[in-house]
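Asker: here's a sequence, model it:
(chains A and B)
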Amino acid sequence: MSSPCRNPERRVDTLRLPAIVLVTWLAIGANEASAQHAPPAPDADRGPNAVSVSGLFPGGSAPPPPDPIGQRFEGNKEAIADGKELFGQMNCSGCHFNGGGGMGPALMSGHWRYGGQIDQIYSSIAQGRPNGMPSWQGSLVPSMIWELAAYVKSLPETAPASPTVVPGTDIKP
Amino acid sequence: MPSKNYAATRYSAMDEINGANVKNLQVAFTFSTGVNHGQEAAPIVVNNTMYIVTPYPNIVFALDLAKPGAPMKWSYQPRPATASQGVACCDVVNRGAAYSDGKVFFNTLDDNTIALDAETGKELWKTKLGDINTGETITMAPLVVKGKVLVGDSGGELGVRGWLTALDVNTGKIVWRAYATGPDKDVLIGPGFHSFYPSDNGTDLGVKTWPTDAWKTGGGTMWGWIAYDPDLNLIYSGTANPGPWNQEQRPGDNKWTTTLFARDPDTGAAKWALQYNPHDEHDYDGINEQILVDMTVDGKPRKVLLHPDRNGHLYVVDRESGEIVSAKPYGYVNSILQIDLKTGRPVMNPDKLTKLGTVVRDICPTASGLKDWNPSAFSPVTGLMYIPHENLCMDWKNVQVSYIAGTPFVGAEVVTKAGPGGNRGQFTAWDPVEGKAVWTIKEDLPLWSGAMATAGGLVFYGTMDGWFKAVDAKTGELKWQFKTGSGIIGQPVAYRGPDGHEYVAILSGVGGWAGAIVSGDLDPRDPTGALGFNGVMADLKAKTAPGGTLYVFSLPKS
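Answerer: Purely as a prediction, here's the structure:
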């Protein structure tokens, strides 16, 4: 995870996380920063302006326009790679696994409870959601949440077409 | 109580329904719970009233058995915090209520124990025992012993510190609490503590067998079964896996996780402990049932308990001393070579130990064990134990994990697979004296339902695609089956109705860890999902759909 080293603003906010998280995180960051000279991921100092969770807009009113910040992160390889790493480090994977879901819903299915636009995904992560999705806005800075959203958004696109059939063990009874 | 009696035999002495007439069994009435999650609870029947608890949102229904069609007498909605759903590791299940002295006791997913007036459903008291923001939930069925409600927590996958606690039946006040980890004073280990094996004796082992402070997030929750021996005045219960699953982050024996405790119900004081899986590497919780029986071993009568552990061994344990009388595998096991009866410890297979960043293949049994929570039955007539279980193996990779309170603390990527032979489930009739299987039934899907034996020579259990089955207790021959609306992961019970006739009841409704793919609509394209259960259960979505319904069966009225 090279993000904490690239962006001083992020380093400040990591202090809000428990020390143990910070330690592993910076250690990993240091390892990778030296091994990697890729172009930096996009940055952002805020979340999306207006997001709607509903698909109903009464009286013919329009849905809020997508925030242009989202377009900088969506599909961006660096952001997705950073987001993937954060997804493991923040234990998102403990609830959502590699997108198939468990304690939390599947994120690779392409069906979204609260919207699948990157800014909607951002809001789900930042605000949390009522049926057990923690709110991360107090512990992660906006760039990180955008990276996570970029990764989550990419999951349905990279998911295999059919179920992975797990073969039984070939140990003989 | 869900396990029928304090000895937890799940044996009904009723014999009206038997091998000759069970083919005529028919539906007496049904009742929808309205909840589409795993129905693991046992319906309990007292004074012509049936009580059931649903999965989250943990609604309690009382049904009036004295009236035609068993109409609702009352219902009670505890309205647990919605956020609690997110910290329940393996579907939002509940294993049932307990009755004592005109009161119904049950637990909510958001860590409350509640007492209701059994007649009216009025709330008598409500005690908060934990905090969902540390990952704690409660899913177990309480047990009432000597004026105390015994309750334990869940959350071994979130670095919760496990405990068993006793509440006063009348006031809900906490009488004692015994933690699974930490200093002796927290574990309620004192002068009266004497374990059979040397490695289970020592001072503050709940601290010393961990890296600094790791016991604080070390698991050892108590989400399974408790049995009680009134003569010895001891309760028996086991603790769950250590956290995190990644064993490399917690060198040491990790006491007192995966441990059987014998405790004084009045004070909680531990009399002895037996750690089944010191430094567990495979998520082999020790919370499965213990069935108390008196049996003759080498010509001598002994008071023992029977415990089919997740690690695949059927432990016969002297319930006075904690000595292991025998421990034999009741299915295919390769992670453990044998249980050393001199030390009480498993001899591990070095090829199946887990490593950081390395996928260790074909570890058997899998993380959910050769058998998970779903309780066995014991028939004093046949002398056999009836074990509904799994036949699953796994590939396991350790990954580094950090503790963030309220999030999973696992650190392993697991992919579960069918075990040898390809059948994912198995029903085994086990002779505890001889230490061997008498007959087995292979089931395609893992068995996640409990078993019940009756004096009618029958054993009942259900399958995850919805079949409710009665088999011959002596031979295992299928005598009757009925396809219910959803997969069965509940606990069958038998009761005498107000008309004097025998009834058999089961909750249908798929879910639980093994069925989370259906109840949580998970995506089978990620085999690591649901702690590694997604891939091996990918076909379940094509075999059953969620839905909670109570089914009650009886013979036709003549």
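Asker: need the contact list for B:Ile488.
Answerer: B:449, B:461-464, B:466-468, B:506-510 (CB atoms under 8 Å, 6 or more residues apart in numbering or on different chains). Heads up, the C-betas are built off the backbone N, CA and C, glycines and all.
Asker: ok but it is inside a helix, no?
Answerer: No. In this structure, B:Ile488 is coil, not part of a helix, as judged by DSSP: H, G, I helix; E, B strand; the rest coil.
Asker: not counting its neighbours along the chain, what's nearest it?
Answerer: Once flanking residues are discounted, B:Ile488 sits nearest to B:Gly462: 2.6 Å by CB to CB, 6 or more residues apart in numbering or on different chains.
Asker: list the contacts for B:Gly312?
Answerer: By CB under 8 Å, 6+ apart, the neighbours of B:Gly312 are B:Pro329, B:Tyr330, B:Gly331, B:Tyr332, B:Val333, B:Ser335, B:Ile336, B:Cys364, B:Pro365, B:Gly369, B:Leu370.
Asker: equivalent analysis for A:Pro65, please.
Answerer: A:Ala50.
Asker: from B:Val399, how far out is the residue of the stretch 351-500 of chain B found nearest chain A?
Answerer: Closest to chain A within the stretch 351-500 of chain B is B:Pro408: 2.4 Å, counting by CB to the nearest CB. Distance, B:Pro408 to B:Val399, by CB to CB, to the nearest Å: 12 Å.
Asker: setting aside sequence neighbours, what's the nearest residue to the residue of chain A found nearest chain B?
Answerer: Per CB to the nearest CB, A:Gly132 is where chain A lies closest to chain B, at 1.7 Å. Leaving out its chain neighbours, the residue that sits closest to A:Gly132 by CB to CB, 6+ apart is B:Gly86, at 1.7 Å.
Asker: SS state for the one you found?
Answerer: helix.
Asker: number of nearby residues for it?
Answerer: 24 (other CB atoms under 10 Å in any protein chain shown).
Asker: would you agree it is in contact with A:Met133?
Answerer: Yes. Proximity of B:Gly86 to A:Met133 meets the contact threshold set by CB atoms under 8 Å, at 5.9 Å.
Asker: need the residues touching each of these two.
Answerer: Common neighbours of B:Gly86 and A:Met133 (CB under 8 Å, 6+ apart) are A:Gly104.
Asker: center of chain B - which residue?
Answerer: Centre of chain B computed as the mean C-alpha position; nearest residue by CA atoms, centre = their mean is B:Trp373, 2.7 Å away.
Asker: wasn't that one part of a helix?
Answerer: No. Going by three-state DSSP, the assignment for B:Trp373 is coil, not a helix.
Asker: contacts only, for it.
Answerer: B:Glu40, B:Arg95, B:Trp223, B:Gly224, B:Trp225, B:Ile287, B:Asn288.
Asker: chain A: which of those is nearest?
Answerer: B:Trp223 (15.0 Å).
Asker: now that closest one: closest residue in space that isn't a chain neighbour?
Answerer: That would be B:Ser154: by CB to CB, 6+ apart, it lies 4.1 Å from B:Trp223.
Asker: what's the burial count for the one you found?
Answerer: 29.
Asker: list the contacts for it?
Answerer: B:Ser154 is in contact with B:Ala88, B:Cys89, B:Glu136, B:Thr137, B:Ile138, B:Thr139, B:Met140, B:Val160, B:Thr221, B:Trp223, B:Ala240, counting by CB under 8 Å, 6+ apart.
Asker: look up phi and psi at it.
Answerer: Main-chain torsions, B:Ser154, degrees, to the nearest 10: phi -120, psi 160.
Asker: which helix or strand contains residue 110?
Answerer: In the absence of a named chain, this looks at chain A. Following DSSP states H and E, there is no helix or strand that holds A:Gly110.
Asker: my question was about chain B
Answerer: Using DSSP H and E, no helix or strand contains B:Asp110.
Asker: got the contact list for stretch B:423-430?
Answerer: Contacts to stretch B:423-430, defined as CB under 8 Å, 6+ apart, come from residues B:308, B:314, B:330-331, B:382, B:384-392, B:418, B:436-447, B:451, B:459, B:461, B:463-464, B:471, B:473, B:476, B:536.
Asker: which of these are close to chain A?
Answerer: Among the contacts of stretch B:423-430, proximity to chain A is found for B:Ala418, B:Val536 (CB under 8 Å from any CB of the partner chain).
Asker: can you turn the buried part of the contacts of stretch B:423-430 into a PyMOL selection?
Answerer: If you want just the buried ones from the contacts of stretch B:423-430 in PyMOL, going by 16 or more other CB atoms under 10 Å in any protein chain shown, the selection is:
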select buried, chain B and resi 308+314+330+331+382+384+385+386+387+388+389+390+391+392+418+437+438+439+440+441+443+445+446+447+451+459+461+463+464+471+473+476+536
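Asker: show me which residues of the stretch 51-200 of chain B are close to chain A?
Answerer: So far as CB under 8 Å from any CB goes, the stretch 51-200 of chain B lies against chain A at B:Thr82, B:Ala83, B:Ser84, B:Gln85, B:Gly86, B:Val87, B:Ala88, B:Cys89, B:Cys90, B:Glu157.
Asker: related to what we said a few turns ago, so what sits opposite the residue nearest to B:Ile488 in the bridge?
Answerer: B:Phe468 (DSSP bridges).
Asker: so what pLDDT did it get?
Answerer: You'll see B:Gly462 listed with a pLDDT of 98.
Asker: domain parsing for chain A?
Answerer: A:8-38, A:64-154 (automatic domain parsing).
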